[in-house]
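Peer 1: only geometry, no sequence info:
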């Protein structure tokens, strides 16, 4: 009897093992979704950042979930039950990367990356940068600007950088007849605004500097009552170190009824306030206007001596002084050309 019972138990055990094996999943077949194998949420889309200030920004996105996790920079991670959030603990003048992922309980979507952005400058930039022509000499210039900061850094050319607790600065170590670029930025401790560029300027010549103009042309503008003769002389010798030479224009005005093809010999006094449309009632007068490609200035005094040397041929000896005390001496010989 014991033997029969033992055999029956063995058969029952074998049948149980067979039935259990038949319940295991077959290789290559996908299990249907069950609470033990849920699908993660879809990643958010249309990520955008708006309203960026010095310390804050608003982030938005789209998605089908009700809960999201946002990561901004290295230290900010928050969970939000919305599709937008404003974060007000950012650092000024700093670039941030950020990303968002959807959250459903313990399940998360893939991260979606937003576009990197930079917060505003910690210090407001200076405005209304100016350097007045009246404040420029051969070695100095006065710079001014406006702004809300109390400390600024100014850079002039390649050699001058100064920090000032004011909205003005006077440079006194500039080089004569030199073109300068300059810029200013605001400073607050170790933080700086962006640089703001001022207008390029050129210092004046050293007082008493003499220039000899060595080439030019003499032309005639004729009218019914007045004739304008002018000579343009160029300082060719100055081009090597200035990249461009100076140019000087001399105007001689004739009296009504005068011979348009002749300029009488004589010495003509330079007038500092001559204008191109000024009519002379009798005889001739002259003025010289310096119109260099670098600075432009008027003349204060001097003479121009005219000598006729042949048919429509003249020699002019120019000896004038500019308002900045630049001495201009030139001898020009040329033939009058009708314009």
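Peer 2: Okay, I see it. Bear in mind that the values here come from a model prediction, so they are computed numbers and not experimental data.

Peer 1: my read: residue 160 touches residue 173, true?
Peer 2: Yes - Residue 160 lies in contact with residue 173 (Cβ atoms under 8 Å); the separation is 7.0 Å. In this view, the C-beta of every residue, glycine as well, is placed from N, C-alpha and C.

Peer 1: Which one's more surrounded, the two?
Peer 2: residue 160 (14 against 9; other Cβ atoms under 10 Å).

Peer 1: Excluding chain neighbours, give the residue nearest to that one in space.
Peer 2: Nearest in space to residue 160, with sequence neighbours left out and distances taken as Cβ to Cβ, 6 or more residues apart in numbering, is residue 171 at 6.1 Å.

Peer 1: Equivalent analysis for residue 126, please.
Peer 2: For residue 126, ignoring the flanking residues on the chain, the nearest one in space by Cβ to Cβ, 6+ apart is residue 147 at 3.9 Å.

Peer 1: List the contacts of that neighbour.
Peer 2: Residues in contact with residue 147 (Cβ atoms under 8 Å, 6 or more residues apart in numbering) are 124-127, 167, 186.

Peer 1: And these, which of them are buried?
Peer 2: By neighbour count, with 16 or more other Cβ atoms under 10 Å, the contacts of residue 147 hold 125-126, 167, 186 as buried.

Peer 1: so which two of the residues you listed are the farthest from each other?
Peer 2: With distance counted by Cβ to Cβ, no two of those lie farther apart than 125 and 167, which are 12.9 Å apart.

Peer 1: Just want the phi and psi numbers for the closest residue to residue 191 other than its chain neighbours.
Peer 2: For residue 191, the nearest residue in space outside its immediate sequence neighbours is residue 122; the separation is 3.9 Å by Cβ to Cβ, 6+ apart. Recorded main-chain torsions at residue 122 are phi -70, psi -30, according to degrees, to the nearest 10.

Peer 1: For residue 185, see how far away residue 122 is.
Peer 2: Spatial separation of residue 122 from residue 185 under the definition Cβ to Cβ, to the nearest Å is 11 Å.

Peer 1: cool, and residue 96?
Peer 2: Noted for residue 96: a distance of 22 Å to residue 185, by Cβ to Cβ.
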